[in-house]
Structures are given as structure tokens and as C-alpha cells.
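K.L.:
With the sequence up front, the predicted model follows.
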Amino acid sequence: MKIAVLAAAVAAGIPVVALAAGETTLVSSANPSYEGQQVTLTATYTVYCADGASTAFTIDGQPVRPVISGAHTFTATVQVASLAAGRHSVAFAWHADQPGTDVSCGGSATLTQVVLVRPSPKPKPPPPTSAAPPSASPSPSPQTSPAESPSPVASAPRVSRTAMAQPGVPDPAVSAGALAIYLLVAVAALAVSRRF
């Protein structure tokens, strides 16, 4: 880009000389930066070339068009947000518009722009939930083993014949025995009476 400063320099009585090398600066608004983040690269330089000056702004060797403003001391500004993660070489240079006319008129500056991977957002914690009261689980019914299970039909207790006899009621077994003895006695008595 041509910058005509001869008339202004002569009118101000400024000698036409070049600045020292350290007087050309290049800075970044954020270094390191993150992917997608807009970064402003600003070069500052002062031109006293007799026939003007040209500039060159590059990122990774690719030329970019800066916005230049100022008088005598100029700023060249580039805004970029498309740099991928990694390291990027940024360079700015300016020189006399007519090469060979003033070899001392010019300057340059460089920097390395570091771009980081943007961290992923942290997941939001789940909303708190009200704790449900514990449900009362039914208590298990006691299990009995087959050996312990009672018999469906309880066995009747043994009762002796004597215990079964009731007062005033003759026992059939006792009555039959007594009758047999009585008959034996009667037969024996009859046999004895016939003998005599």
C-alpha cells in the first residue's frame, strides 16, 4: 500500500530517515487464544520514506489485508477468528515504495500465535429429585420343613379299656368273660351231681 508522506515530512521539517528495527511492533489481543475466538493483530510503524511505503501482512505465509490508519505513525490491524488449533506464524513488514531509492526505510516484526482447542462445556448436573419414602416390603412367611410340618390328621390317643368303661355301663369284654366262667362252674357242678 502506498503511503505518501513526503509533503507532510517536508512541511514539518522532519528529516527523511528510517526508524530503528525495534520501532516496528506487532502484538496480539489474545495469545494464546481458543478455536473460534476473534483475535486482533496490530502492527505499529512509523514511515519517513521520501516516496512512501508499502506493507505486507501474512499469517502462515498467506497474505491478509490489514486496515491501516494514522499519520507518520501508522497501525495495520487484522482481525481473524478462523485459526485452527496449533501454532501460527504472523509477520508484518513495510518498506520503501520504490525499492532501491531508500534501502534504510523499512522495518518488520513477527510473532507466533498459539491457538488452543476450546474445552468442551461441563455437563449440567441433574436437577435434585425428592427422595421417595422407602416402601414397606412384606415380611416373608416362615417356611417349615416337611419334617416339621404337622400331620393333617392328628392321631387319636390310645385309651385303655378300663379308661373307656363308664360307671353303670357293663363292659362287653368283661361281661363275656364272666358268663364263660359261670357256665364252666355250672357244668362242673352238674357233672359232680350226676356222679353222686
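P.N.:
All right, it came through fine.
K.L.:
what about the helices in this structure?
P.N.:
Ranges of helices in the chain, per DSSP state H, are 6-12, 161-164, 172-195.
K.L.:
Give me the distance between Ser29 and Ser104.
P.N.:
Using C-beta to C-beta, to the nearest Å, Ser29 is found at 31 Å from Ser104. C-beta here means a position set from N, CA and C on the backbone, and glycine is covered the same way.
K.L.:
Mean confidence (pLDDT) on stretch 120-134, please.
P.N.:
The pLDDT scores in stretch 120-134 average 77.
K.L.:
nope, stretch 39-56 is what I meant
P.N.:
88.
K.L.:
Spatially, what comes nearest to Val117 if we skip its sequence neighbours?
P.N.:
Ala85 (4.7 Å; C-beta to C-beta, 6 or more residues apart in numbering).
K.L.:
What about the one you found, how many residues nearby?
P.N.:
For Ala85, the count of nearby residues is 14 (other C-beta atoms under 10 Å).
K.L.:
Thought Val115 was touching it, still the case?
P.N.:
Yes - applying C-beta atoms under 8 Å, one finds Ala85 in contact with Val115, separated by 5.1 Å.
K.L.:
Quick check: neighbours shared by the two?
P.N.:
Glu35 (C-beta atoms under 8 Å, 6 or more residues apart in numbering).
K.L.:
tell me the pLDDT at Glu60?
P.N.:
Quick fix: residue 60 is Asp, not Glu. In this model, Asp60 carries a pLDDT of 97.
K.L.:
burial count for it?
P.N.:
Neighbours of Asp60 (other C-beta under 10 Å): 13.
K.L.:
Now for it: which residues touch it?
P.N.:
By C-beta under 8 Å, 6+ apart, the contact list for Asp60 reads 88-89.
K.L.:
For Ser89, which residues count as its bridge partners?
P.N.:
Using DSSP bridges, the bridge partners assigned to Ser89 are Thr112.
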